[in-house]
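**Student:** Task: produce atomic coordinates for the following.
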Amino acid sequence: MGDEQRLSADELIAQARAQFEAATDFTIAVEEEFAILDPESLDLTNRFEDVQAAARGTAVEEHLVGELIASEVEIRTGKQESFAAVPAAMAERRAQLQSLVERINQQDATIASLQTTVTGLTTTVSGLLTQVGALQGVLNGITSGDLTGALGKLNGISGTDLQSAVDAVADVNALCARVTDLTTFGNDLRTAVSGIALAGTIPPALTLAIPGLPATLGAFVCP
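**Tutor:** Below is the predicted model of the structure:
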């Protein structure tokens with residue numbers, strides 16, 4: 001099976017024993033596994049690939065490995081020469097892992113902020129498109145001649161004149177409302193006068209020319 005074995009069994013055993021004897025006794029390495037949680041809900045989240053990608057090119061890359069499920073990550077201290085060296089190595093690996101996760105959380109926050117901005121811009125653009133559609137409806141049928149005529153009428157009118165006209169709109173609206181009230185009052189007065197009877201109150205010998213009542217005023221509609 002396979003290539004021909006170059007060393008005999010005795011030679012392999014001797015080689016393994018020599019390596020064992022030359023090795024340093026009582027070295028130690030520690031592995032720690034961490035669950036990856038969503039920072040808001042604290043539910044398990046499958047983000048190992050994101051953590052692994054963030055570790056590329058950093059000092060912790062060779063000490064970080066995945067587990068069976070994507071919601072876990074493992075870090076390794078690497079071989080330590082003594083038990084006394086383990087706590088410092090574990091603290092260093094934990095700090096490195098925390099730095100990676102904090103960077104990912106910051107990136108997530110930036111993306112969420114950009115998404116909110118994009119959503120707001122989308123709403124604004126949608127509103128602008130609606131207004132443009134309404135404006136197109138207003139301008140529909142207006143010819144270049146109409147626009148030229150309107151510009152001719154505005155020729156010579158200053159910004160002060162336009163502002164004065166805008167300011168006068170409220171007064172015109174108030175006057176319009178008063179005219180409506182006066183029309184109603186005039187018609188009510190006509191009705192009252194038409195019901196007055198003069199028979200028996202004027203001597204027969206006195207001739208009095210009573211003018212006819214004016215016609216009822218039509219309803220006034222503000223322009």
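**Student:** so what pLDDT did Q5 get?
**Tutor:** In this model, Q5 is scored at 62, pLDDT.
**Student:** hmm, I was thinking of A209
**Tutor:** Reading off the model, A209 has pLDDT 58.
**Student:** got it, and G212?
**Tutor:** Looking at G212, the pLDDT reads 63.
**Student:** could you point out where the chain is predicted with low confidence?
**Tutor:** For the chain, the stretches with pLDDT under 70 are 1-5, 190, 193-214, 216-217, 219-223.
**Student:** longest helix anywhere in the chain?
**Tutor:** Identified as the longest helix of the chain according to DSSP state H is helix 86-139.
**Student:** helices or strands up against that helix?
**Tutor:** For helix 86-139, the packing partners by 3 or more CB pairs under 8 Å, 6 or more residues apart in numbering; DSSP states H and E come out as strand 31-35, helix 48-55, strand 72-76. Just so you know, the C-beta spots here come from the backbone N, C-alpha and C atoms, and that holds for glycine as well.
**Student:** so can I have JSON lines of those showing mean neighbour count and distance to A14?
**Tutor:** Formatted as JSON lines, these follow (neighbours: other CB atoms under 10 Å; distance: least, CB to CB, whole Å):
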{"stretch": "strand 31-35", "mean neighbour count": "13", "distance to A14": "32"}
{"stretch": "helix 48-55", "mean neighbour count": "17", "distance to A14": "41"}
{"stretch": "strand 72-76", "mean neighbour count": "18", "distance to A14": "32"}
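**Student:** Compare the ones you listed and give me the one nearest G152.
**Tutor:** Proximity of those to G152 was assessed by CB to CB; the nearest stretch is helix 48-55, lying at 66.0 Å.
**Student:** packing partners for the helix or strand that that closest one is followed by?
**Tutor:** Using DSSP states H and E, the next helix or strand after helix 48-55 towards the C-terminus is strand 64-66. On a contact count with 3+ CB pairs under 8 Å, 6+ apart, strand 64-66 meets helix 48-55, strand 72-76.
**Student:** mind putting these in a markdown table, distance to T122 included?
**Tutor:** Shown next, in a markdown table, are the helices and strands packed on strand 64-66 (distance: least, CB to CB, whole Å):
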| stretch | distance to T122 |
| --- | --- |
| helix 48-55 | 27 |
| strand 72-76 | 36 |
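**Student:** Show me the one of these that comes nearest V30.
**Tutor:** Closest among those, using CB to CB: strand 72-76, at 7.3 Å.
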